[in-house]
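# Test case, fold it:
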Amino acid sequence: MERYPADRVRAAGVRLAPEAFRARIGARVLSMVERGLLDEVRGLVERGFGGWLTSTQAIGYAEFAAHLRGRLTLDEAVERTVSRTRQLARRQVAWFRRDPRIRWFEAGEGGALDVLEDVRAYLAEGTGPRERTPRVLEVPGHGERLRDVVDLDDERPLAPEEVAALCDRRTGVGPTE
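Model prediction:
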């Protein structure tokens, strides 16, 4: 039983040349700095948000907080933020690359705009009428498990117990066989 049937998902990825990818990340970090990243981090540090919070290790925050404490120059904080962002982006691309449902489009310096029409056409190919696939929800009820078939494409609102079952992966949500 597949959790996400391939014929029900259509995904597109945009791949940039490595040098364009690096340049975009660097430009994004510089833009964040120009729009006040340092002031934002300073405000958080002044209010007592320190290293004891997991969120303070976020890319950018940690580096600029270190700069404010005198441990890094501003240039070092920017470069480390760029470096950590590139590392994260590479991990994300590697993770998505393993998904066989994604069709990749090669883009130039213009990024996604270069391939926008191709991506739109690809995604639109799968938007015609499709067979509705019922899903089985196992909903806890009065000491026993109640089984109910719900058509997730149905336009009716889901009952609260259906929503709870969909949100709880332990309840066995998946296509019927």
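# any residues touching the top helix by length along the chain, and which ones?
In the chain, with assignment by DSSP state H, the single longest helix is helix 74-97. The contact list for helix 74-97 (C-beta atoms under 8 Å, 6 or more residues apart in numbering) reads 13, 15, 21-22, 25-26, 28-30, 33, 38, 59-60, 63-64, 66-67, 72, 102, 104. Bear in mind the C-beta positions are built from the backbone N, C-alpha and C, glycine included.
# Quickly list the domain ranges of the chain.
6-124, 134-175 (automatic domain parsing).
# Make TSV from those domains and add mean neighbour count and mean pLDDT to it.
Shown next, in TSV, are the domains of the chain (neighbours: other C-beta atoms under 10 Å; pLDDT from 0 to 100):
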stretch	mean neighbour count	mean pLDDT
domain 6-124	14	90
domain 134-175	13	47
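# residue ranges for the helices of this structure, please.
Going by DSSP H, the chain shows helices at 18-34, 37-46, 61-68, 74-97, 112-124, 160-167.
# Please convert these to a markdown table, extending it with distance to Ser55.
Output for the helices of the chain, formatted as a markdown table (distance: least, C-beta to C-beta, whole Å):
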| stretch | distance to Ser55 |
| --- | --- |
| helix 18-34 | 16 |
| helix 37-46 | 9 |
| helix 61-68 | 7 |
| helix 74-97 | 15 |
| helix 112-124 | 29 |
| helix 160-167 | 24 |
